[in-house]
Every structure is written in structure tokens, then in C-alpha cells.
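Colleague: got a predicted structure here, sequence first:
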Amino acid sequence: MLKNPLLEQLRSEVSVADKAQIEDSFALADRIAFLLGKHAMSQRDLADKLGKRESEISKWLSGSHNFTQYTLTKISLAIGERIYQIPSEKVVHQTVEVDTGVASGHFHSIINRSVNTKGKKDHGYSIYNSVNCPVIRIAKVGSFGSVTKKRRSYRAANITLRDFGKIEKASIS
Amino acid sequence: MKKKIKIIPFEEGRNCNTFSIKVDDKDCETINFFNGMINNGGRDDAAKFAQLLAKIGENGALERYLRPAGKYGDNVWELPDHFIFSNPFRLYCIRCSDGVLILGNGGLKTTRTYQEDEVLHSHVKLLQAVSKVLARHIRNGKIIIDKKTIQGSLEFYINT
């Protein structure tokens, strides 16, 4: 491929950080443009939803804009789909088997309200102790049906933290 | 005044090839732009500009990556002011398609509009004149834009 020697020399002087900034700014602009197309929205529609001028949306899509996280969130909400996903290291992706023999009748509550750090329900289950602290989290790894079945086999009960310690040790594979 | 124009290949990219212009067999206009930046203490910005052009070569010269610079319909655009630049340098170009971008010259924009700056105005006027002839040659088949290439008589004269 034909490359200009002067420009190649200059490119070799660009810092890794600046290269990454350029890559990311174009990637974000391309992603927003893609989502607008996917949701059959025009730049005008997005501008109207956000109370902005169309020229500003045009600038956003040029790949030259330095987005704030606030703006990205507002754009996501206006389009109805997230622009980016942040991988969470807090979500448990490990199969957790609970020994029903030990656990039966001891859980304070098993609540289907597991929320990962991205704020989305992930269909896992958290087991809470009497002071409402999650002790064991059952991530949905297998089929949803089997998890539901397990959930139904437990009854709410008060339990001490020491008991939960035993359950955790016995049940997490 | 009559000027001889030659369109020359500048760089190749995955989705867009860039071309530049020689006026009266002098130096390439785009190289003049980069040398001008470097000589005016803008080497850092010149390097970022070069990186930006590489990105456009990779992705294609999509309309939304550029900003209209000249008058409506003259097909003269400018590379937008990227937030990583330290100073508002402008590079003017003719966008023939997503795959063909003809780069011209530019410089540091210190006025509100390019018309207020004699040098920038002259660069835009040159591209407007080139674009006008190009459009005529494309219409009558003397020049063909095909994907990433320009074929045909790439030497012609313009009146400025």
C-alpha cells in the first residue's frame, strides 16, 4: 500500500495514548451512527430528543468529539440502547451448587433481584442473611428452570452469619 | 489566471485512497500543508493529523467524518477540529466518494471564517476551481471514479 514517507514518520511520533484517543473517538461515533440506523432514527430525531441542535449531533458523529460519560448516557437513553458495555469483574460466572440438605429451612430469603454492576437483571439469585446481606449468589449458568426449582425448595428463616459460613464452604464448588 | 493542475496519488488505505494536487508542477499541496504545520511549531498536531488521515483511509471518507467548507454543492470539505489537536488547523479536501478523497492545503485558522483569512481562502478557492472541473470531467466521462481509484485525464487547467 502506498504510504507517504513524511506522514509515516509523523505517525511514528504519535503517542500510544493519542492513537487510542483517535481510535476510541471514531469507534464511539461509528457506534452511535450504527445505533441510529438500527433504531431508524435520524440525526434530527436524536437532536430533538436531547434538545440539541442538529449541527451538534453532526459533530458527535464526525469522530472528533470528546464525549463526557454524561453525554453518552443521555444518548444511550435517547436511542434506547446502550452505546457501550463495561465488563464487570464483580459478576460471578461460576456455577454455585447449594446443598439443599444443609440449606433447607435456613435461608432468610432468596431473592430474585440480582443486579450486576451494569444495573441489569442477570437472572441470578442472591441469598440473603437476616441482616439482608447477600451471602451466596447463584449465577444463572445452567438452565433457568433448574435454578427456579432450587429456589422454590428453600424456605425463609433466620440464620446466623456463622451458619452461612458453613453453607458457603459446603456448597460452593 | 490559468493554472495547471495535476492530481497525484498520495496514500492508500483499506477503504479510501487519498490523492493530492500539484499546481503548475510545484510541490504537492498536502505536503506543503504538513511542512507548514511543522515549521509553525505544530509538529505534534501534524502527527495527529497524519494519524487521523490513516483512520479515514481505514474507515473510508464518510460524509459525517468531514465538514462542508466551501459553498453548497462545490464538494469542498474540511477535516473537523479534533479534540486532541492543540491548535485549530484546517485541511481542505474534495470528497469524490467514500473511497476517494483529494487532499488540498490548509493552515492554522485564526479567524472566525476562512473567508476572513487570505491564505485559507485561497486554498478553498483553488479546491473549488478543481472540483468544478472535476465534476465536468466526470459528467462527460473524461474522469471516472471507481471505488478507490480515479481514472482518466488527471492533468487539466483551471482558471482562478
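Modeller: Received it, and whenever you're ready, just let me know what you need. These numbers come from a predicted model, not from an experiment.

Colleague: please make it C-alpha for all contacts and neighbour counts, starting now.
Modeller: Fine.

Colleague: what does chain B put close to chain A?
Modeller: Within chain B, the residues that sit near chain A (CA under 8 Å from any CA of the partner chain) are B:10-13, B:43-44, B:46-48, B:50-52, B:55, B:64-66, B:80-84.

Colleague: can you rerun that using 10 Å?
Modeller: B:9-14, B:17-18, B:31, B:34-35, B:38, B:43-56, B:59, B:62-67, B:79-85 (CA under 10 Å from any CA of the partner chain).

Colleague: so which of the residues you listed are in strands?
Modeller: Using DSSP state E, B:9-11, B:17-18, B:67 are the members of those that sit in strands.

Colleague: now, which of those residues sits nearest chain A?
Modeller: B:E11 (4.7 Å; CA to the nearest CA).

Colleague: distance from the centroid: which residue in chain B tops it?
Modeller: Here chain B reaches farthest from its C-alpha mean at B:N140, the gap being 22.9 Å by CA atoms, centre = their mean.

Colleague: so where's chain A uncertain?
Modeller: Within chain A, the segments meeting pLDDT under 70 span A:88-173.

Colleague: longest helix of chain A?
Modeller: helix A:16-38 (DSSP state H).

Colleague: please determine whether the helix or strand following it lies in contact with chain B.
Modeller: Next in sequence after helix A:16-38, counting helices and strands by DSSP states H and E, comes helix A:43-50. No: remark: helix A:43-50 sits outside contact range of chain B, by CA under 10 Å from any CA, the gap being at least 10.9 Å.

Colleague: buried sites along helix A:43-50?
Modeller: Residues A:43, A:45-47, A:50 are the ones in helix A:43-50 that count as buried (16 or more other CA atoms under 10 Å in any protein chain shown).

Colleague: stretch A:71-83 now?
Modeller: A:72, A:75-76, A:78-79, A:82-83.

Colleague: go ahead and confirm A:N4 touches B:I8.
Modeller: No: using CA atoms under 10 Å, A:N4 is not in contact with B:I8; the gap is 11.9 Å.

Colleague: before we move on, the earlier item: list only buried entries from the ones in strands among the residues of chain B next to chain A.
Modeller: B:9-11, B:17-18, B:67.

Colleague: tell me where chain A has strands.
Modeller: A:109-111, A:125-128, A:134-138.

Colleague: show the pLDDT at B:D81.
Modeller: pLDDT recorded at B:D81 is 85.

Colleague: meant to ask about B:G73
Modeller: 84.

Colleague: list the residues that contact it.
Modeller: B:G73 sits next to B:128, B:131-132 when contact means CA atoms under 10 Å, 6 or more residues apart in numbering or on different chains.

Colleague: what is the neighbour count of B:Y72?
Modeller: 8 (other CA atoms under 10 Å in any protein chain shown).
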